[in-house]
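Asks: fold the following, please.
(one chain, ligands or ions: 2)
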Amino acid sequence: MKTLITNIKQLVQVGTSPRKWVAGKEMSVLPHMDNAYLLIEDERIAAFGKMEDLDYSKLEETDLLQEIDASGRLVLPSFCDSHTHLVYAGSREIEYIDKIRGLSYEEIAQRGGGILNSAERIRHASEEELYEDAYARIEEIASFGTGAVEIKSGYGLDTESELKMLRVIRRLKETTPLLIKATFLGAHAVPAEYKGRQTEYVNLIINEMIPAIAAEDLADYIDVFCDKGFFTVEDTDRILNAGMKYGMRAKIHANELDYSGGVQVGVKYNAISVDHLEYIGQEEIACLLDSDTMPTILPGAAFFLNMPYSPVRSMINAGLPIALASDYNPGSSPSGNMKFVMSLGCINYKMLPEEVINATTLNSAYAMGVEEKAGSIEVGKLANFYITKPISGIEYLPYAYGSNLIDRVFLQGKQL
Ligand code: NIG
Ligand code: FE
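Replies: Ligands and ions are numbered 1, 2, ... in the order given. Next up, the predicted model:
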């Protein structure tokens with residue numbers, strides 16, 4: 001089965017040799033091709049090039065399934081959303097009102113709201129209900145251009161409920177065309193029944209949850225919310241150490257609420273990414289520069305919670321790579337719209353359009369470990385991409401922040 005897309009005004013984020021990530025000044029370089037074609041064979045990218053080099057006679061010998069004229073339109077690789085919590089029960093708009101009235105994220109959490117509110121609901125939800133709700137969210141983000149997504153547990157907070165969430169994620173892996181990675185986040189909050197006994201809860205994570213999850217091979221990564229009022233560096237160290245023994249690589253919630261030491265402990269364990277990063281100084285930057293860890297910013301959460309913005313320009317100027325993800329979750333970022341995340345990246349973090357595209361494709365693919373299959377238009381990678389409506393150029397995508405500019409979405413070579 002072949003699909004040929006012709007007359008593409010601009011084919012964006014093309015690559016001919018594998019790139020790990022783009023960092024520093026390179027983040028503003030976005031390789032592209034004008035007046036291009038893209039050939040898809042089954043689920044993969046088979047070829048691309050300039051229209052003038054397209055040899056029709058060769059193609060006519062084969063039975064082309066379809067040809068799409070993309071005159072005036074851009075083609076981009078699908079977004080890789082490397083940080084979400086999109087399996088959850090119910091929503092939390094009541095807390096939204098509390099926030100409008102002036103309560104902080106920590107105050108809401110202390111009143112039994114926040115993560116514990118979601119935990120209460122998830123414990124009462126069936127696997128089937130959770131799956132159906134999450135499936136609908138996946139359908140929505142796919143229509144918004146996302147082709148790969150990382151999903152965390154962390155609203156269960158007891159062994160059975162964490163397993164339930166991770167089984168839902170496994171089912172989503174099996175039944176949707178998106179590339180999905182699963183992360184175990186038992187250390188998201190201390191559940192109510194362990195109030196005042198944090199170390200005992202950490203012991204439960206280490207001695208019971210991690211082995212049970214590993215026995216069913218349910219998690220690719222392990223995450224800890226290492227921050228003020230949540231888990232300490234010492235807790236994080238113990239949990240990552242235990243996860244590593246079962247082959248779960250670290251991926252950390254770090255430095256959202258304070259200079260928590262989360263970045264340093266993440267790098268110590270060779271985390272694939274450290275995420276949030278509102279509180280970043282020279283020490284954290286130096287530590288990241290000397291690592292294989294992707295600094296990941298979650299502009300939707302900072303926007304929704306009115307938090308200070310991560311010093312992204314200083315990080316890029318220092319030579320770091322940056323990934324952007326949605327943090328899609330019911331409490332701090334109830335949206336998985338990556339195009340809007342790009343707009344926030346431009347406006348609130350002073351990132352250039354080229355930089356936000358790199359941060360939501362190539363770099364975020366690395367941050368979730370799918371860089372060999374996704375994140376750019378390269379021969380052999382999965383045919384996960386979207387065709388825009390007719391637009392002037394890449395800048396128009398983050399600029400027109402409220403418009404749906406995505407016309408057709410292809411995942412694994414098939415149009416949705
Ligand atoms: O990434 N920071 C910690 N966890 C989530 C929030 C989850 C929630 O409030 O439900 C986040 O923002
Ligand atoms: Fe998160």
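Asks: now stretch 174-191: buried residues?
Replies: 176-191 (16 or more other Cβ atoms under 10 Å). Glycine gets a C-beta too; all of them are placed from N, C-alpha and C.
Asks: biggest separation within these, which pair?
Replies: P177 and V190 (37.0 Å; Cβ to Cβ).
Asks: for the closest residue to L352 other than its chain neighbours, give its distance to A359.
Replies: Nearest residue to L352, sequence neighbours excluded (Cβ to Cβ, 6 or more residues apart in numbering): S28, at 5.2 Å. According to Cβ to Cβ, to the nearest Å, S28 stands 11 Å off from A359.
Asks: just M33 next, same as before
Replies: Here M33 is placed at a distance of 21 Å from A359 (Cβ to Cβ).
Asks: ok, L257 next?
Replies: Distance, L257 to A359, by Cβ to Cβ: 23 Å.
Asks: same question for N384.
Replies: Distance from N384 to A359, counting by Cβ to Cβ: 17 Å.
Asks: any idea how many residues pack against Q66?
Replies: Around Q66 there are 11 other residues, counting by other Cβ atoms under 10 Å.
Asks: my read: it touches I5, true?
Replies: No. With contact defined as Cβ atoms under 8 Å, Q66 does not reach I5; the gap is 9.2 Å.
Asks: doesn't M27 make contact with I357?
Replies: No. At 9.7 Å, I357 and M27 do not qualify as touching, with contact defined as Cβ under 8 Å.
Asks: write out the residues of the stretch 201-350 of the chain neighbouring ligand 1.
Replies: For the stretch 201-350 of the chain, the residues in contact with ligand 1 (Cβ under 6 Å from any ligand atom) are 225, 253, 256, 301, 327, 329-332.
Asks: need the contact list for A374.
Replies: Residues near A374 by Cβ atoms under 8 Å, 6 or more residues apart in numbering: 77-78, 80, 147-148, 179, 365, 381-382, 384.
Asks: quickly name whichever of the residues you listed is closest to ligand 1.
Replies: For the contacts of A374, the closest approach to ligand 1 (Cβ to the nearest ligand atom) belongs to C80, at 17.2 Å.
Asks: now do the helix or strand where that closest one lies: everything it contacts.
Replies: C80 belongs to strand 79-81 when assigned by DSSP states H and E. Residues outside strand 79-81 that contact it (Cβ under 8 Å, 6+ apart) are 141, 144-150, 179, 325-326, 328, 336, 338-339, 360-361, 364-365, 367-368, 370, 374-375.
Asks: so which of these are in helices?
Replies: Within these, residues falling in helices by DSSP state H are 141, 338-339, 360, 364-365, 367.
Asks: show the contacting residues for the residue in the stretch 201-350 of the chain that ligand 1 sits nearest to.
Replies: Relative to ligand 1, the nearest point of the stretch 201-350 of the chain is G331 (2.3 Å; Cβ to the nearest ligand atom). For G331, the contacting residues are 92, 95, 105, 114-115, 117-118, by Cβ under 8 Å, 6+ apart.
Asks: pLDDT value on it, please?
Replies: Looking at G331, its pLDDT is 92.
Asks: same check on A109?
Replies: What the model reports as pLDDT for A109 is 78.
Asks: and the contacts of G331, which two are furthest apart?
Replies: Y105 and S118 (13.5 Å).
Asks: neighbour count for those two, which is higher?
Replies: Higher neighbour count among Y105 and S118: S118, with 25 against 21, using other Cβ under 10 Å.
Asks: with adjacent residues omitted, what lies nearest to the more buried one?
Replies: Distances taken as Cβ to Cβ, 6+ apart place Y155 nearest to S118, at 4.3 Å, with adjacent residues excluded.
Asks: just the CA trace of the strand or helix carrying V263, in CSV.
Replies: Using DSSP H and E, V263 maps to helix 262-268. The C-alpha trace of helix 262-268 is given here as CSV (Å, rounded to 0.1, in the frame of the first residue of the first chain):
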residue,chain,number,x,y,z
GLY,A,262,15.2,16.7,41.6
VAL,A,263,17.3,17.6,38.6
GLN,A,264,20.5,16.4,40.3
VAL,A,265,19.0,13.1,41.5
GLY,A,266,17.5,12.6,38.1
VAL,A,267,20.8,13.1,36.3
LYS,A,268,22.5,10.9,38.8
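Asks: what's that helix in contact with?
Replies: Under the contact criterion Cβ under 8 Å, 6+ apart, helix 262-268 has outside partners 224, 226-227, 233, 236-237, 240, 250, 252-255, 273-274, 277, 280, 283-284, 287-288, 290-291, 293.
Asks: what subset of the residues you listed is buried?
Replies: If you count burial by 16+ other Cβ under 10 Å, the buried members of these come out as 224, 226-227, 233, 236-237, 240, 250, 252-255, 273-274, 277, 280, 284, 287-288, 291, 293.
Asks: now the terminal residues of stretch 142-150, how far apart.
Replies: End-to-end distance for stretch 142-150, by Cα to Cα, to the nearest Å: 13 Å.
Asks: just stretch 260-279 next, same as before
Replies: This stretch, stretch 260-279, spans 8 Å end to end (Cα to Cα).
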